[in-house]
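*Asks:* Using only what follows, build the 3D model:
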Amino acid sequence: MMNAKEIRAVITGAGLPVAYRAWRENSAPDLPYCVYYAGRANNFAADGVVYHTAQRYTVELYTEEKDPETEAKLEAALTGAGIFWTKDETYIESERMNEIIYEIEV
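*Replies:* Numbers count the residues shown, from 1 in each chain. Below is the predicted model:
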């Protein structure tokens, strides 16, 4: 199972600044950048005993405009690390930025 530090290294390896959950106030770098955080664990259990745990994480990529090249770099880094990912996209009007949301499980 990959831990948070290893996930951070994968994202950094894609050439992106990264923070866990959020950047400190007034410390976010210029776009693009990422944040990531742990979500719900996906446990496999039988007879009341957990035999295997997989941790779900969300990786959020923020860009000023749609940036397929940066998305491709992050996706190649995740895939290269053996991480299966799903992807969603939204625009944050109040921040004037795109948010690409990757859901992973490690």
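
*Asks:* Name the residues of the longest helix seen in the chain that come out as buried.
*Replies:* Longest helix in the chain by number of residues (criterion: DSSP state H): helix 68-80. For helix 68-80, the neighbour count (16 or more other CB atoms under 10 Å) marks 70-71, 73-75, 77-78 as buried. Any C-beta I mention is one placed from the backbone N, CA and C, and that applies to glycine too.

*Asks:* Strands of the chain, start to end?
*Replies:* Secondary structure of the chain (DSSP state E): strands at 18-20, 33-46, 49-63, 85-92, 97-105.

*Asks:* JSON lines please, covering those strands and showing mean neighbour count.
*Replies:* Output for these, formatted as JSON lines (neighbours: other CB atoms under 10 Å):
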{"stretch": "strand 18-20", "mean neighbour count": "17"}
{"stretch": "strand 33-46", "mean neighbour count": "14"}
{"stretch": "strand 49-63", "mean neighbour count": "15"}
{"stretch": "strand 85-92", "mean neighbour count": "11"}
{"stretch": "strand 97-105", "mean neighbour count": "18"}
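
*Asks:* Quick one: the ones you listed as CSV, columns for mean pLDDT and distance to Ala4 too.
*Replies:* As requested, these are arranged in CSV below (pLDDT from 0 to 100; distance: least, CB to CB, whole Å):
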stretch, mean pLDDT, distance to Ala4
strand 18-20, 98, 7
strand 33-46, 93, 7
strand 49-63, 94, 8
strand 85-92, 98, 16
strand 97-105, 97, 12
